[in-house]
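>>> give me a 3D structure for the following:
(chains A, B and C)
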Amino acid sequence: MPEGHSIHHFKRIHSDYFVNRTVAVSSPQGRFSDEASKIDGTTLEKITAYGKHLFFHFENDKIVHVHLGLYGWFNFCDVDDDDAMEHRQESIRMQLQTDWIVSRLRGPITCELIDHCEVEKIIDKLGPDPILEDSDQERAWNKISTRKKPIASLLMDQSIIAGIGNVYRAELLFMARIYPYTYGTNMLKDDFDHLWRLSKRYMKLGSFDGYIQTLDQRLVEDSNQSTWVYGRQRLQCFVCKYPVTATMVDGRKLYWCPECQI
DNA sequence: AAAAGATGGTGAC
DNA sequence: TCACCCTCTTTTG
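As a prediction, the model looks like this:
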């Protein structure tokens, strides 16, 4: 499921097969039909990604804004694969098709047709995205260091840093060994720099792989395990063997190690 | 069979 | 802080 890395991953995959091509756009589910008909058969000029937002720029300033939310996802299949094409048609919000390949979007929280002004408004509300090469680390630090809220809460705030979700939040805090309830105002600059460096490294990696892998597989026996603490409530911490704990922060489960993260 | 929960976010109170 | 939306899977009764 999607955090910022998925968005950049999907941007990359779509770029190979859909950009600079004429694309048939439809909505088998029906909920995007009116908008789809306005861009159906036109050229997809480029795709951009920012935080958890994906933008398909079609000609004539027609831009499809997609936000996957909690469980939105893209699937791809071959145009000649009849079985795949028939599969769960009724939930496909948007389908992009060339004579070569098909992209099918299900369950997004947002799928709408907008123009470049609205794109700007969306991006203006977002903090720097660590996956982007020119992201401004200081802009995030300025906000964090003045906010009297736990860092675990601030990391999920898209207007501070764009793209981090519940898995990366837990993993980054663990890898940087930071106590999750440290107020932004009490954060050390060095700790923030560490967090930022880790977020760039692991979210970039995730955007290439398409999935989150923070745990170094060479260090553990369980080859199916991909995270240090996320989803490991009551299991032993890989570092200190103390049980991983889960507490609610802003209505989301935060996994962390009370022994390692002081 | 029904409910809960999941890597998200908004808007109302 | 809560209800709600989108979809699908897993757990519960």
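
>>> so what's the residue count around the closest residue to DNA strand B within the stretch 51-200 of chain A?
Residue nearest to DNA strand B within the stretch 51-200 of chain A: A:G165 (2.2 Å; CB to the nearest atom of the strand). Where you see a C-beta, it was placed from the backbone N, CA and C, and this is true even at glycine. By other CB atoms under 10 Å, 22 other residues sit near A:G165.

>>> C-terminal to the helix or strand bottoming out on mean pLDDT in chain A, what's the next element?
Lowest by mean pLDDT, DSSP states H and E among the helices and strands of chain A is helix A:82-86, with a mean of 90. Downstream of helix A:82-86, the first helix or strand assigned by DSSP states H and E is strand A:92-97.

>>> how about whichever helix or strand comes after that next one and DNA strand B, any contact?
Going down the chain from strand A:92-97, the next helix or strand is strand A:101-106, by DSSP H and E. No: counting by CB under 7 Å from any atom of the strand, DNA strand B has no neighbours in strand A:101-106; the shortest distance is 11.9 Å.

>>> distance from the chain centre to strand A:101-106, please.
What separates the centre of strand A:101-106 from the centre of its chain is 18 Å, taken as CA atoms, centre = their mean, to the nearest Å.

>>> buried residues in it, which are they?
A:101-106 (16 or more other CB atoms under 10 Å).

>>> nearest to DNA strand C, of the residues you listed?
A:R106 (4.7 Å).

>>> that closest one and A:G69, how far apart?
11 Å (CB to CB, to the nearest Å).

>>> what's the answer for A:S223, then?
A:S223 is 30 Å from A:G69, by CB to CB.

>>> in terms of neighbours, single out the busier of these two.
It is A:G69, of A:S223 and A:G69, that has more neighbours when counted by other CB under 10 Å, with 13 against 7.

>>> quick check, pLDDT for the closest residue to the more buried one other than its chain neighbours.
Nearest non-adjacent residue to A:G69, counting by CB to CB, 6 or more residues apart in numbering: A:I109, 2.9 Å away. Here the pLDDT value assigned to A:I109 is 95.

>>> in the stretch 1-150 of chain A, which spans are strands?
For the stretch 1-150 of chain A, applying DSSP state E, counting those that start in this stretch gives strands covering A:21-26, A:42-50, A:53-58, A:62-67, A:73-78, A:92-97, A:101-106, A:110-114.

>>> can you give me the neighbour number for A:L188?
11.

>>> list the contacts for it?
By CB atoms under 8 Å, 6 or more residues apart in numbering, the contact set of A:L188 is empty.

>>> same deal with A:S26?
With CB under 8 Å, 6+ apart, A:S26 has these contacts: A:33, A:36, A:40, A:94-95, A:97.

>>> quick check: beta-bridge partners of it?
The residues listed as beta-bridge partners of A:S26 by DSSP bridges are A:Q95.

>>> and it, what pLDDT?
On the pLDDT scale, A:S26 gets 96.

>>> now the one 4 residues further on
As summarised for this prediction, A:G30 has a pLDDT of 93.

>>> quick check: it vs DNA strand B, distance?
20 Å (CB to the nearest atom of the strand, to the nearest Å).

>>> distance check, that residue against A:V102.
18 Å.

>>> A:T42 too?
Counting by CB to CB, the gap from A:T42 to A:V102 is 17 Å.

>>> who in the stretch 1-150 of chain A is up against DNA strand B?
A:1-3, A:6, A:51-52, A:67-71, A:109.

>>> of all those, which two lie farthest apart?
A:G51 and A:Y71 (17.6 Å; CB to CB).

>>> list the buried ones in the longest helix seen in chain A?
When chain A is parsed with DSSP state H, its longest helix is helix A:189-209. For helix A:189-209, burial by neighbour count (16+ other CB under 10 Å) applies to A:191-192, A:194-196, A:198-200, A:202-204, A:206-207.
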